[in-house]
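Visitor: Structure of the sequence below:
(chains A and B)
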Amino acid sequence: MPMQTHEIEALIRETFPDAKITVTDTAGDGNHFAAEVVDESFRGKNRVQQQRAVYAALKGKMDGSHGELHALALSTRAPE
Amino acid sequence: MTDAKQIIDETVKSNDVVLYMKGTKEMPQCGFSSRVAGVLNYLGVDYVDVNVLADEGIRQGIKDYSDWPTIPQLYVKGEFVGGCDIIVEMTLSGELDTMFDDNSVTYDKDAANKIREANA
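Guide: Next up, the predicted model:
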């Protein structure tokens, strides 16, 4: 069952309440998304740590064989 | 440790560069895997490709091993470096070159510069 951009944003928002989150449906099929997350908690963390935290926020939506979310291009950073 | 994790542990520790991917370096079967394999091939990096589609145990095991839910996954000297987004970002920023230099992994420096010029 494909996902909606607002569902993804809400999931990320639960873990990152103050973050600036931009989610786009890159293929228009509810399966391929891009998300940019800008949050203070990323400061001092490397990319793997930052993105691991975002994947954790998605609570398994990504990796199941029934993974509703097939592809999520992530870009994360701390605010300038 | 489950056997899948043991196999993975041995593979990443006994090979300098390992890419867990969908398909093979000659025949990638997913856009993201194809992108990372494409960068490594273009840079002439000598790496081991592991086709996770050929072994469900490895496909799940690698996600547990690195606590990372997606494929592809790149390992250098036993360390998880990242998935497609991170490798592309590191290629464009030059961090991949630095990491290869730091780990004495041979690659084609001019090819790396060409990628950056093409994406400037």
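Visitor: Stretch A:16-34 close to chain B?
Guide: No. Stretch A:16-34 is not in contact with chain B by C-beta under 8 Å from any C-beta of the partner chain; minimum separation 9.1 Å. Using the backbone N, CA and C atoms, a C-beta is placed for each residue, glycine as well.
Visitor: okay, how far is it across that stretch, tip to tip?
Guide: End-to-end span of stretch A:16-34 (C-alpha to C-alpha, to the nearest Å): 17 Å.
Visitor: Next one: the residue positioned nearest the centre of chain B relative to chain A, how far apart?
Guide: When C-alpha atoms, centre = their mean is applied to chain B, the residue found nearest the centroid is residue B:74 (2.6 Å). Using C-beta to the nearest C-beta, to the nearest Å, residue B:74 is found at 11 Å from chain A.
Visitor: Next, the contact list for that residue, please.
Guide: B:17, B:18, B:19, B:20, B:36, B:40, B:80, B:81, B:82, B:83, B:87 (C-beta atoms under 8 Å, 6 or more residues apart in numbering or on different chains).
Visitor: is it fair to say it lies in a helix?
Guide: No. If the criterion is DSSP: H, G, I helix; E, B strand; the rest coil, then residue B:74 is strand and not within a helix.
Visitor: Surely residue B:81 is in a helix?
Guide: No. If the criterion is three-state DSSP, then residue B:81 is strand and not within a helix.
Visitor: from chain B, which residue is nearest to chain A?
Guide: Per C-beta to the nearest C-beta, residue B:69 is where chain B lies closest to chain A, at 3.4 Å.
Visitor: Can you tell me the element residue B:6 falls in?
Guide: Per DSSP states H and E, residue B:6 falls inside helix B:3-14.
Visitor: avg pLDDT for the following helix or strand past that helix?
Guide: Proceeding N to C from helix B:3-14, the next assigned helix or strand is strand B:17-21, under DSSP H and E. Per-residue pLDDT over strand B:17-21 has a mean of 98.
Visitor: Up against chain B, what does chain A have?
Guide: Chain A comes close to chain B at residues A:47-48, A:51-52, A:55, A:58, A:60, A:62-63, A:71-75, as judged by C-beta under 8 Å from any C-beta.
Visitor: Point out where chain A drops to low pLDDT.
Guide: Across chain A, the ranges flagged by pLDDT under 70 are A:1, A:63-68.
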